[in-house]
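Asks: Got a predicted structure here, sequence first:
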Amino acid sequence: MTDTDFLHADEQALAQRFIDDGFVTTPADDRAGLDRIQRRAAELAADYLKLPHSNDPYAMLDTIHTRVSVDDLNALRLHVFNGLNAEPWFRPTYFRLARSTIETIVGNELCMQRRVNLSIQLPGDSSSLLATHSDVWSGDSPFEVVVWVPLVDVHRTKSMYLLPPSVNGEMQDRMASLRSAEELYKTIKPHATFIEIPYGHVMLFNQTLMHGNRVNEEAGTRWSMNCRFKSIMSPYADKRFGEFFEPILLRPATRVGMQYKLPGGFHG
Amino acid sequence: MAERAGHRGYIGARPLNGSRTPQHVQNIVIRDYARRKNLHYLLSAAEHTMPGSYMVLEDILDELPQLQGLILYSIFMLPPDEARRRQIYDRVLREGCDLHAAVEEITLASQKDIQAVEDILLVNKFATIL
């Protein structure tokens, strides 16, 4: 890397892990903020189900499959998703969960996806699956990263899988000869890794790598959030500035530069 | 047999007829169409941005036995090859499903609907827009 002399040793190590593995997991920078999000998600779920608010939000979320049917799951998900995104503190808090990692991997002038997504995967439910994909294939810029935050411990099929950078290119080269995303999954399956993340940690991953999920065969329900971040001046794809992304950090020098006009009126 | 789930939305990341529509707007158009036609809308799947890829559409076709049908954002999202399109129509009808296109308000629910769809696609291929 050309910039290693300009980074702290811990930043170098983090950057190298991201390049080598395609993801990094770290403890949340703002643990109190994460607990606040988890608590609010549990309250919104309880409101939807007409239950009293629980003193144990983790248990409430992890065992939600005992209280909601697959048929009602998307309505519950939308209720919690809309409720969280309506909170003015929610997106700034979400950013703070991974701020130091985002700034090391992406930069410090940033835009953020306008709404933070929410996934809920009940044990045994095949209706909420995300087939093997790279976000870039559906219009995201390769300059984006995803910050993925579980609200419960996730492991094995309760988590998501990611294809390592070392084999992603080779698998992409085979893709055009395959008919469907399910065929693609069967091709990459031996190489895909389910990422274990305890509650309290966050993951930042390279969304150009193939990833997805499978039927959750573990005992608890998966609750996870995801949101895209990118350097504000890096190239955009179909997910455009304004309609999909909005600026969250713009530095004074950039503001000055964008407003500057050279002197005019010369006629020589 | 288990009850079928509803109609799966199908949106895209590639320009259509030279125009681009944001994906969330495509979803709004599909959701509105489903509401007006009294169809149960299921979250859309987005086709790949790579030219010529119909992998996501194939996944929806594989899912047809669990669905009532699919709603394309536009009829012009179908593959350009007529033989491949006809395979899609046959598969949809064979599974007892229907195919809708939200922008053009088209429903393909039986063999007799196919020619009207093909006429639109054929004319679009040759007609120019000022």
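Replies: Thanks, I have the structure now.
Asks: In chain B, which residue sits closest to chain A?
Replies: In chain B, the residue that lies nearest chain A is residue B:13 (3.5 Å; CB to the nearest CB). Where you see a C-beta, it was placed from the backbone N, CA and C, and this is true even at glycine.
Asks: Leaving out chain neighbours, which residue sits closest to the closest residue to chain B within chain A?
Replies: Going by CB to the nearest CB, chain B is nearest to residue A:139 of chain A, at 3.5 Å. In this structure, residue A:139 finds its nearest non-sequential neighbour in residue A:238, 2.9 Å apart by CB to CB, 6 or more residues apart in numbering or on different chains.
Asks: Report how many residues lie close to the one you found.
Replies: Residue A:238 is flanked by 21 other residues according to other CB atoms under 10 Å in any protein chain shown.
Asks: Wait, it touches residue B:24, no?
Replies: No - the pair residue A:238 / residue B:24 is not scored as a contact, 11.0 Å apart, by CB atoms under 8 Å.
Asks: contacting residues around the residue nearest to residue A:139?
Replies: Going by CB atoms under 8 Å, 6 or more residues apart in numbering or on different chains, residue A:238 touches A:138-140, B:13, B:20, B:22-23, B:49.
Asks: Around residue A:74, how many other residues sit close by?
Replies: Residue A:74 has 15 nearby residues by other CB under 10 Å.
Asks: for it, helix, strand, or coil?
Replies: Following DSSP: H, G, I helix; E, B strand; the rest coil, residue A:74 is assigned to helix.
Asks: longest single strand anywhere in chain A?
Replies: strand A:222-231 (DSSP state E).
Asks: Distance from the chain centre to that strand, please.
Replies: 2 Å (CA atoms, centre = their mean, to the nearest Å).
Asks: That strand: what's the following helix or strand?
Replies: strand A:245-249 (DSSP states H and E).
Asks: Could you check that next one and say which residues are buried?
Replies: A:245, A:249 (16 or more other CB atoms under 10 Å in any protein chain shown).
Asks: now stretch B:61-80
Replies: Buried residues in stretch B:61-80 (16+ other CB under 10 Å): B:61, B:63-64, B:66-78.
Asks: ok, it near chain A or not?
Replies: Yes - applying CB under 8 Å from any CB of the partner chain, one finds stretch B:61-80 touching chain A at residue B:62.
Asks: First-to-last residue distance for that stretch?
Replies: For stretch B:61-80, the first-to-last residue distance is 17 Å (CA to CA, to the nearest Å).
Asks: Residues of the stretch 1-150 of chain A that sit close to chain B?
Replies: So far as CB under 8 Å from any CB goes, the stretch 1-150 of chain A lies against chain B at A:74, A:127, A:131, A:136-139.
Asks: need the residues of chain B near chain A, please.
Replies: Counting by CB under 8 Å from any CB, chain B sits next to chain A at B:5, B:13, B:20, B:22-24, B:43, B:46-50, B:53, B:55-56, B:58-59, B:62.
Asks: ok, of the residues you listed, which come out buried?
Replies: B:13, B:22-23, B:46-49, B:53, B:55-56, B:58-59.
Asks: Determine which two of those are furthest apart.
Replies: B:22 and B:58 (24.3 Å; CB to CB).
Asks: hmm, back to that, taking the residues of the stretch 1-150 of chain A next to chain B, please make a PyMOL selection of just the buried ones.
Replies: To isolate the buried members of the residues of the stretch 1-150 of chain A next to chain B in PyMOL, using 16+ other CB under 10 Å:
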select buried, chain A and resi 131+136+137+138+139
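Asks: from the residues of the stretch 1-150 of chain A next to chain B, which is closest to residue A:146?
Replies: The nearest member of these to residue A:146, counting by CB to CB, is residue A:136 at 11.3 Å.
Asks: ok now do the residue nearest the centre of chain B, which residues does it touch?
Replies: Per CA atoms, centre = their mean, the C-alpha nearest to the average position across chain B is that of residue B:72, at 2.8 Å. With contact set as CB under 8 Å, 6+ apart, residue B:72 has these partners: B:10, B:78, B:99-102.
Asks: if you set the cut-off to 6 Å instead, what comes out?
Replies: B:10, B:101 (CB atoms under 6 Å, 6 or more residues apart in numbering or on different chains).
Asks: circling back: was I right to think the residue of chain A closest to chain B contacts residue A:237?
Replies: Yes - the criterion here is CB atoms under 6 Å, and residue A:139 meets it with residue A:237 at 5.5 Å.
Asks: about what we covered before: JSON lines for the residues of the stretch 1-150 of chain A next to chain B, including pLDDT and secondary structure?
Replies: As requested, these are exported to JSON lines (pLDDT from 0 to 100; DSSP: H, G, I helix; E, B strand; the rest coil):
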{"residue": "A:74", "pLDDT": "89", "secondary structure": "helix"}
{"residue": "A:127", "pLDDT": "79", "secondary structure": "coil"}
{"residue": "A:131", "pLDDT": "89", "secondary structure": "coil"}
{"residue": "A:136", "pLDDT": "96", "secondary structure": "helix"}
{"residue": "A:137", "pLDDT": "96", "secondary structure": "helix"}
{"residue": "A:138", "pLDDT": "93", "secondary structure": "helix"}
{"residue": "A:139", "pLDDT": "93", "secondary structure": "coil"}
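Asks: and of the residues of the stretch 1-150 of chain A next to chain B, the nearest to residue A:120?
Replies: Using CB to CB, the residues of the stretch 1-150 of chain A next to chain B come closest to residue A:120 at residue A:74, 8.8 Å.
Asks: Tell me the secondary structure at the residue nearest to the closest one when sequence neighbours are not counted.
Replies: Nearest residue to residue A:74, sequence neighbours excluded (CB to CB, 6+ apart): residue B:43, at 7.3 Å. Under three-state DSSP, the three-state class of residue B:43 is strand.
Asks: Against residue B:25, how distant is residue B:43?
Replies: Plainly put, residue B:43 is 16 Å away from residue B:25 if you go by CB to CB, to the nearest Å.
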